[in-house]
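Novice: What shape does this take:
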Amino acid sequence: MRATTLVGVDNTSMNAPKVADRQATFRDVFAVAEFRVIFASYGIFIIGETVKMLALSVLVYERTGSGLLAALAYVTGFLPHALGGLFLLALADRWPARALIVGYDLVRLAVVAVLATGLLPPAAMLGLVAVVALFGPVSSASRTALLPEMLHGDRYVLGRSLLTVAAGGTQVAGFAVGGLLLGLVGPYGALWLTAATCGLSALLVRFGLAPRPARTGRAVAGPRPGAFRETLRVNRQLLADRRIRGLLLAQWLPGSLLVGAEGVAVPYAAGLGPGANAGILLMAGAGGMLVGDLLVGRFVAPARRERWTPWLALLLGVPMLVFLARPVLLPAAALFAVATAGFAYQLGLARRFLDAVPEVRRGQAFGLVSTGMMAAQGLAAAGAGALSEVLAPGLVMAGAGAASIIATLLLWPVLAPGGRRSPAPPAQSTPAPVVSADR
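Specialist: Coordinates of the predicted model:
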C-alpha cells in the first residue's frame, strides 16, 4: 500500500515487470486458487470469531448478571492480541504458514468446544479465551505475509483490499448470524456452530494451500533466540529503520486518530434528540471504508493510487471539521462515510511497505502494522471518550479530524510517492542485518 519490482518475490515476477505496472482486476486476483482459499477461510474465521464474542458475552451475562463482565467477555481478546503482537510475532516467520494457521484454528476449535460444554465458571472462560488470543496476531500476520508469495504486482494490492472488505463485510454478517443463532439455539448452540467454523477453516487451509517452509528457515541456520527475545529485537530493528518507521507511522496515525470520532458516536447521537441512532453513524463509517477500498483498489490505476495517497489520508480528517456545526443525523452519517472512505490511502502504501521490509521478516512486519494500529485506535477511542466528559461530543469529533489532518501533514513526505525515503537494500542482502544481530 512503488517500485514496479517487488523485493523478495519469486523470479517469475522479477522477469515480468509489466505485471506490477498493470492495474489488476478481481478476475486476476480470484484466478489464483490459493487466494480463494485464503479469502474464504478468512471470511469464515471472522464470522466465527464474531459469533463467539456475541455468544460468550450473552453467556457470561446470563450466568453472572454483570454488565461489566459481559462487556469484558465481548472485548476480552483485545489486550491479549496486542500483547501477542508485541512479544510473539517472531513465530509468524519461524513456523510454516500453513501449519501455523491450521494449528491456531484447531486450538480455537478445542477452546470453543470447552466453552460450549458450560463446565467452566465465567472467570475461567474469560481467562482461557484471553490466553488463546495471545496467538491471534501470529496467525493473522502469517496469513497476511502469504499474500505477496501468491499475488504479484498490483494483484497484491487488490488482494489486500479484498481482505479488508471481507473483514468488514463478514463481521457485519457475523453480527446478523450471531443474533439469529442466539435466538434459535441459544449461546451454547451458537458456540458449537462456531466450533464447526473453526474446523471448516482449518480444512480449507490444510488442503487448499501448498506447504511452504518457514521464512526465517530459508535464511537462518543454527540456534536461534527465544520467540519473546527475538520478537522484541526484530521489532526494535524494524522501528530503527527510518524508512520502515515512517511507513509504519503513516499506516498507524492518520486513520487511528479518526477512530477517536467513533468512540463518541453514541453520545453525539444521543445529543441529537429522540430517534437519533448511533448505529446509523457507525454503519455509515463502515460502509464508507468498504466502498473506498473497493473503488480505489479496483478502479484507480496503481501509479495514480500512489499519487492520491496523501490526499486520501487528508480526506479522513477534513469532513470531520464540519462536526463543529453539530450536523443532524443523516448529514452527519454522510460526512462520516466520506471521511472513512479515506482509509483507502493505505492501499497506496502497500507495495512500498512490502519493498521496505526484509522477506524473512514479512510476517513480523505485517503483524507490527496490525498491533500498532490496534493500540493507536484503542488509545484514540479512550482519549476521545475521556474528552467527551468535559467537551461537547461534536467538538471532540472535530478534534479527532483535526488531529488526523495534523498527522497527515506531518507525514506528507512519507505518504507522497517519491518522498523522503532511504534507498532499499538489494534483495539478496536484506535479511542480513536483522538475522545476524543475535549471533
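Novice: List every C-alpha atom in stretch 400-420, with coordinates, as CSV.
Specialist: This file holds the C-alpha atoms of stretch 400-420, laid out as CSV (Å, rounded to 0.1, in the frame of the first residue of the first chain):
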residue,chain,number,x,y,z
ALA,A,400,-10.3,13.9,16.0
GLY,A,401,-10.5,15.1,12.5
ALA,A,402,-8.1,17.9,13.2
ALA,A,403,-5.6,15.5,14.8
SER,A,404,-5.8,13.3,11.7
ILE,A,405,-5.1,16.2,9.4
ILE,A,406,-2.1,17.3,11.5
ALA,A,407,-0.7,13.8,11.4
THR,A,408,-1.2,13.6,7.7
LEU,A,409,0.6,16.9,7.1
LEU,A,410,3.5,15.9,9.3
LEU,A,411,3.8,12.6,7.4
TRP,A,412,3.2,14.1,4.0
PRO,A,413,6.8,13.4,2.8
VAL,A,414,6.3,9.7,3.7
LEU,A,415,2.8,9.5,2.2
ALA,A,416,3.7,11.1,-1.1
PRO,A,417,5.3,8.7,-3.6
GLY,A,418,9.0,9.6,-4.1
GLY,A,419,9.0,11.4,-0.8
ARG,A,420,11.6,11.2,1.9
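Novice: Might you calculate how far it sits from the centre of the chain?
Specialist: 20 Å (CA atoms, centre = their mean, to the nearest Å).
Novice: buried stuff in that stretch?
Specialist: 400-405, 407-408, 411-412, 414-417, 419 (16 or more other CB atoms under 10 Å). Yep, even glycine has a C-beta here, placed from its N, CA and C like the rest.
Novice: cool, stretch 228-242 as well?
Specialist: Glu230, Thr231, Leu232, Val234, Asn235, Gln237, Leu238, Asp241.
Novice: would CSV of the residues you listed with pLDDT be doable?
Specialist: Output for the buried residues of stretch 228-242, formatted as CSV (pLDDT from 0 to 100):
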residue, pLDDT
Glu230, 77
Thr231, 77
Leu232, 80
Val234, 82
Asn235, 82
Gln237, 87
Leu238, 88
Asp241, 90
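Novice: correct me, but Ala341 touches Gly292?
Specialist: Yes: with contacts counted by CB atoms under 8 Å, Ala341 reaches Gly292, the gap being 3.2 Å.
Novice: coming back round to it: closest one to Leu181 out of the buried residues of stretch 228-242, please.
Specialist: When those are ranked by distance to Leu181 (CB to CB), Thr231 comes first, at 36.8 Å.
Novice: Just give the closest residue to the closest one, not the sequence neighbours.
Specialist: Ala90 (4.2 Å; CB to CB, 6 or more residues apart in numbering).
Novice: what's the single longest helix in the protein?
Specialist: In the chain, with assignment by DSSP state H, the single longest helix is helix 154-208.
Novice: avg pLDDT for it?
Specialist: For helix 154-208, mean pLDDT is 83.
Novice: by contact count, what packs against it?
Specialist: Counting contacts by 3 or more CB pairs under 8 Å, 6 or more residues apart in numbering; DSSP states H and E, helix 154-208 packs against helix 18-21, helix 26-30, helix 33-64, helix 97-117, helix 136-150, helix 278-299, helix 302-317, helix 350-356.
Novice: Format the ones you listed as a markdown table; extra columns: mean neighbour count, distance to Ala210 and mean pLDDT.
Specialist: What follows is the helices and strands packed on helix 154-208, written out as a markdown table (neighbours: other CB atoms under 10 Å; distance: least, CB to CB, whole Å; pLDDT from 0 to 100):
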| stretch | mean neighbour count | distance to Ala210 | mean pLDDT |
| --- | --- | --- | --- |
| helix 18-21 | 16 | 20 | 46 |
| helix 26-30 | 16 | 17 | 88 |
| helix 33-64 | 21 | 7 | 86 |
| helix 97-117 | 20 | 8 | 93 |
| helix 136-150 | 25 | 9 | 84 |
| helix 278-299 | 19 | 26 | 82 |
| helix 302-317 | 22 | 27 | 93 |
| helix 350-356 | 24 | 20 | 87 |
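Novice: List the residues that contact Leu200.
Specialist: For Leu200, the contacting residues are Ile44, by CB atoms under 8 Å, 6 or more residues apart in numbering.
Novice: let's see 10 Å
Specialist: Ala40, Ser41, Ile44, Phe45, Gly48, Asp105, Leu109 (CB atoms under 10 Å, 6 or more residues apart in numbering).
Novice: can you list the domains in this protein?
Specialist: Following automatic domain parsing, one finds the domains of the chain at 11-214, 227-438.
Novice: Could you name every residue contacting both of Ala341 and Gly292?
Specialist: In contact with both Ala341 and Gly292: Leu312, Leu315, using CB under 10 Å, 6+ apart.
Novice: hmm, back to that, any chance of CSV for the helices and strands packed on helix 154-208, columns distance to Ala265?
Specialist: Below are those laid out as CSV (distance: least, CB to CB, whole Å):
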stretch, distance to Ala265
helix 18-21, 39
helix 26-30, 32
helix 33-64, 19
helix 97-117, 30
helix 136-150, 26
helix 278-299, 5
helix 302-317, 16
helix 350-356, 28
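Novice: so which of these gets nearest Thr164?
Specialist: Smallest distance to Thr164 across the helices and strands packed on helix 154-208 (CB to CB): 5.2 Å, for helix 278-299.
Novice: other SSEs contacting that closest one?
Specialist: When contacts are defined as 3 or more CB pairs under 10 Å, 6 or more residues apart in numbering; DSSP states H and E, helix 278-299 sits against helix 26-30, helix 154-208, helix 242-262, helix 265-271, helix 302-317, helix 329-341.
Novice: please redo it, this time with the cut-off set to 8 Å
Specialist: helix 154-208, helix 265-271, helix 302-317, helix 329-341.
Novice: any chance of those in a markdown table, plus distance to Gly372?
Specialist: Below are these laid out as a markdown table (distance: least, CB to CB, whole Å):
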| stretch | distance to Gly372 |
| --- | --- |
| helix 154-208 | 17 |
| helix 265-271 | 23 |
| helix 302-317 | 16 |
| helix 329-341 | 19 |
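Novice: Please name whichever of those is nearest to Arg143.
Specialist: Taking CB to CB, helix 154-208 is the member of those nearest to Arg143, at 8.5 Å.
Novice: if we can go back for a sec, can you tell me which of the helices and strands packed on helix 154-208 comes nearest to Leu335?
Specialist: Among the helices and strands packed on helix 154-208, the nearest to Leu335 by CB to CB is helix 278-299 (8.6 Å).
Novice: Contacts for the closest one next, please.
Specialist: Residues outside helix 278-299 that contact it (CB under 8 Å, 6+ apart): 25-26, 157-158, 160-162, 164-165, 168-169, 172, 262, 265-266, 268-270, 305, 308, 312, 329-330, 332-334, 336-344, 347.
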